[in-house]
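Output the structure for:
(chains A and B)
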Amino acid sequence: MKKTYKQAGMLALSVLLAGCVTGPSPQDVAQATQKVMKSSFRDQGIAKTAWLQQDASNQACSQAQGAPLDEKLAQSIEQANLQTVKMPSDGKFIGDWREGEKIAQNGRGMTWSDPPGSANGGSCYNCHQISKEELSFGSIGPSLYHYGKLRGVADPAAAASKPIVDYTWRKLWNAKAYNACSGMPRFGHAGILNETQLRHVMALLLDPSSPVNR
Amino acid sequence: MKWNLLGVAALGLLPLSAVAQKSTAEGIAEYRAMLADGNPAELFEAKGEALWKQARGPKNASLAQCDLGKGPGVVKGAFVELPRYFADTGRVQDLESRLLTCMETLQGFSAEAIAKTPFGRDEQKTLESLVAFISGESRGMKFNLPQSHPQEKLMYAVGKQVFYQRGGPYDFSCASCHGEDNKRVRLQDLPNLTKNPGAGDGFGAWPAYRVSSGDLWGMQRRLNDCYRQQRFPFPGYASDVTIALGVFMGVNGKGGVSTAPALKR
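Model prediction:
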């Protein structure tokens, strides 16, 4: 508590120095925000304060406060994220859509109340409509119902399907490769889902026999 | 899983031909309205009023002289003007951090020890009832947080930046869920906390009695669980990050009507 008061006091002083008439300058705000973030959080379970450190992508998108990024900056962020993508080590993109559905349903993982080492879910239904059968879906992301069908994927192994299969893998691995400030987690890049899990989610979206495409 | 169960339960109340999405939300609203008749938060309010007046702590004193921003002992209307700047501590404080100050200075409790106590235990339990009582005394009043002191202005700007601050393995910020209109996680409607009506409705509903956990959550516990789900590290109780967010939401909700302590799923 004492430490907090002291920091708050210093904060107050810096405000007085900055002048009382106008609002705080962007520098004051940036400095105070940094101080407040640093003093407020602590490690708990698997959730570490190191998680607050931002890469270029998160930094730019935070500062933009919801406004679109400068086009050049957005492109460079997307390029950097695209380069992080690892394609499947054995060249296999499609797993079992039934397992993919389970992963899509599972919203658990990586909170401070989750035990270390447990498999994470994909939380997909939190934000997306996916299969027609699941009515409890969120609306933060677009509907993925008929994802493969709408994109003309009749056989994911066919050469004609290659571009959309590759794109979908990259999007799941690192959504910021195509949209710098995408709201979607970077499932492969951040180690949320492993290759096997990603293959199952790919099958849910692209396999013609998946309920998504029926 | 709870989402599913609630969805299924709500659907059961509706004709099968109903359009599933909207009707489910309506079903949940009806269910809430039915429960609101006997909101268990009222029990916490009554308990909180008794605790406010009761001599307690190492100094065996009541909180009756606690200054919540409108002068010593004034409770009515205090809630809809918090967080605000307090000259005696030299900082912007929300209801809960201000109560810690009063419990320390008037009653002799250690604010630091209470801040470290897990939710729902010991003096944290006392705080649940106190915030229910104090917010209830402003029920129906409109939010009108002061923004005249430079620190209040700074905390609003900091709160805004914190609201958009991305981090954690999922890259989430508060804005990921609460930055746009008409969004849902599963079937749960998400208020847009950047403007009204979302800011007033969302901010103005806490403290609230939570049916799912059967207890009374103050704004601190609400924000704490938001950060857990955001995959962030643990925000300290009454830490500046939580107070800054309170200023941001409360100022955005200006003119919105306080319904706290409300009833939540």
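
Could you use CA atoms for every contact and neighbour count after this?
Noted.

Chain A - how does it break down into domains?
A:2-69, A:97-206 (automatic domain parsing).

then stretch B:72-90 to PDB, C-alphas only?
The C-alpha trace of stretch B:72-90 is given here as PDB (Å, rounded to 0.1, in the frame of the first residue of the first chain):
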ATOM      1  CA  PRO B  72     -17.700  12.600   6.200                       C
ATOM      2  CA  GLY B  73     -20.600  10.100   6.600                       C
ATOM      3  CA  VAL B  74     -22.500  11.000   3.400                       C
ATOM      4  CA  VAL B  75     -23.400   7.800   1.700                       C
ATOM      5  CA  LYS B  76     -26.300   8.800  -0.600                       C
ATOM      6  CA  GLY B  77     -25.100   9.900  -4.000                       C
ATOM      7  CA  ALA B  78     -21.400   9.000  -3.300                       C
ATOM      8  CA  PHE B  79     -21.400   5.900  -5.500                       C
ATOM      9  CA  VAL B  80     -22.400   7.600  -8.700                       C
ATOM     10  CA  GLU B  81     -19.400  10.000  -8.300                       C
ATOM     11  CA  LEU B  82     -16.700   7.400  -7.800                       C
ATOM     12  CA  PRO B  83     -13.900   7.000  -8.700                       C
ATOM     13  CA  ARG B  84     -12.800  10.500  -7.800                       C
ATOM     14  CA  TYR B  85      -9.700  12.400  -6.500                       C
ATOM     15  CA  PHE B  86      -9.200  12.500  -2.700                       C
ATOM     16  CA  ALA B  87      -7.000  15.200  -1.300                       C
ATOM     17  CA  ASP B  88      -6.100  13.300   1.900                       C
ATOM     18  CA  THR B  89      -4.600  10.400   0.100                       C
ATOM     19  CA  GLY B  90      -3.500  12.400  -3.000                       C
END
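
Which parts of that stretch count as buried, going by neighbours?
Within stretch B:72-90, the residues that qualify as buried are B:75-86, B:90, counting by 16 or more other Cα atoms under 10 Å in any protein chain shown.

Give me the distance from it to the chain's centre.
Put simply, stretch B:72-90 sits 16 Å off its chain's centre (Cα atoms, centre = their mean, to the nearest Å).

Distance-wise, check the residue most central in space within chain A relative to residue B:200.
Note on chain A: the residue nearest the mean C-alpha position is residue A:185, at 1.3 Å, using Cα atoms, centre = their mean. Between residue A:185 and residue B:200 the computed distance is 29 Å (Cα to Cα, to the nearest Å).

Over to residue B:158?
Between residue B:158 and residue B:200 the computed distance is 19 Å (Cα to Cα).

neighbour-wise, which of those two wins?
Between residue B:158 and residue B:200, residue B:158 has the larger neighbour count (other Cα atoms under 10 Å in any protein chain shown), namely 30 against 27.

Now the more buried one: closest residue in space, sequence neighbours ignored.
Nearest residue to residue B:158 in three dimensions, chain neighbours excluded: residue A:33, at 5.2 Å (Cα to Cα, 6 or more residues apart in numbering or on different chains).

try residue B:244
Nearest residue to residue B:244, sequence neighbours excluded (Cα to Cα, 6+ apart): residue B:159, at 4.2 Å.

Need the contact partners of stretch A:206-214.
A:94, A:97-98, A:130-132, A:144-149, A:153-156, A:165, A:203-205 (Cα atoms under 8 Å, 6 or more residues apart in numbering or on different chains).

likewise stretch B:94-108?
B:55-63, B:65-68, B:79, B:82-84, B:109-111, B:114-115, B:127, B:131, B:220, B:238, B:243, B:246.

one more time with 7 Å, if that's ok
B:56-63, B:66, B:68, B:82-84, B:109-111, B:238, B:243 (Cα atoms under 7 Å, 6 or more residues apart in numbering or on different chains).

And for stretch B:162-175?
Contacts for stretch B:162-175 (Cα under 7 Å, 6+ apart): A:33, A:51-54, A:58, A:62, A:65, A:185-186, A:190, B:230-232, B:245.

quick one: which of the residues you listed is nearest residue B:40?
Closest approach to residue B:40 among the contacts of stretch B:162-175 (Cα to Cα): residue B:245, at 27.1 Å.

host element of the closest residue to the closest one other than its chain neighbours?
Among residues not flanking residue B:245 along the chain, residue B:159 sits closest, at 4.5 Å (Cα to Cα, 6+ apart). Per DSSP states H and E, residue B:159 falls inside helix B:150-163.

list the buried ones in that helix?
B:150-163.

Any chance of TSV for these, columns pLDDT?
Below are these laid out as TSV (pLDDT from 0 to 100):
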residue	pLDDT
B:150	97
B:151	97
B:152	98
B:153	98
B:154	98
B:155	98
B:156	98
B:157	98
B:158	98
B:159	98
B:160	98
B:161	98
B:162	98
B:163	98
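
Excluding chain neighbours, give the residue nearest to residue B:79 in space.
Using Cα to Cα, 6+ apart, the closest residue to residue B:79 is residue B:135 (5.4 Å).

That neighbour: how many residues sit nearby?
Around residue B:135 there are 28 other residues, counting by other Cα under 10 Å.

shouldn't it be in contact with residue B:262?
No. Taking contacts as Cα atoms under 7 Å, residue B:135 lies outside contact range of residue B:262: 9.8 Å.

Can you pull the phi and psi angles for residue B:56?
Main-chain torsions, residue B:56, degrees, to the nearest 10: phi -140, psi 170.

Distance check, it against residue B:102.
Applying Cα to Cα, the value for residue B:56 to residue B:102 is 12 Å.

What of residue B:147?
Counting by Cα to Cα, the gap from residue B:147 to residue B:102 is 23 Å.

Neighbour count: the two, which is higher?
Taking neighbours as other Cα under 10 Å, residue B:147 and residue B:102 compare with residue B:102 leading, 21 against 18.

distance between the helix or strand that one falls within and the chain's centre?
Using DSSP H and E, residue B:102 sits within helix B:95-105. The chain centroid and the centroid of helix B:95-105 are separated by 16 Å under Cα atoms, centre = their mean.

next helix or strand past it?
Immediately after helix B:95-105, counting by DSSP H and E, sits helix B:111-116.

What residues does the stretch 151-265 of chain B have near chain A?
Contact residues, the stretch 151-265 of chain B versus chain A (Cα under 7 Å from any Cα of the partner chain): B:151, B:153-154, B:157-158, B:161-162, B:164-171, B:176, B:183-187, B:228-229, B:231-236, B:239-241.

Could you pick out which of those are located in strands?
The strands, defined by DSSP state E, take in B:183, B:184, B:185, B:234, B:235 from those.

Could you measure from residue A:143 over to residue A:186?
As judged by Cα to Cα, residue A:143 and residue A:186 stand 18 Å apart.

Residue B:37 now?
Counting by Cα to Cα, the gap between residue B:37 and residue A:186 amounts to 44 Å.

residue boundaries of the helices in the stretch 151-265 of chain B?
Along the stretch 151-265 of chain B, the stretches classed as helices by DSSP state H, counting those that start in this stretch are B:174-178, B:198-203, B:219-229, B:240-252.

ok, now which ones touch the residue nearest to residue B:79?
Neighbouring residues of residue B:135 by Cα under 7 Å, 6+ apart: B:79, B:260, B:261.

which SS class is it?
helix (DSSP: H, G, I helix; E, B strand; the rest coil).

per-residue confidence for it?
The per-residue pLDDT reported for residue B:135 equals 98.

now do residue A:6
Note on residue A:6: pLDDT of 53.

same deal with the one 3 residues further on?
According to the prediction, residue A:9 has pLDDT 54.
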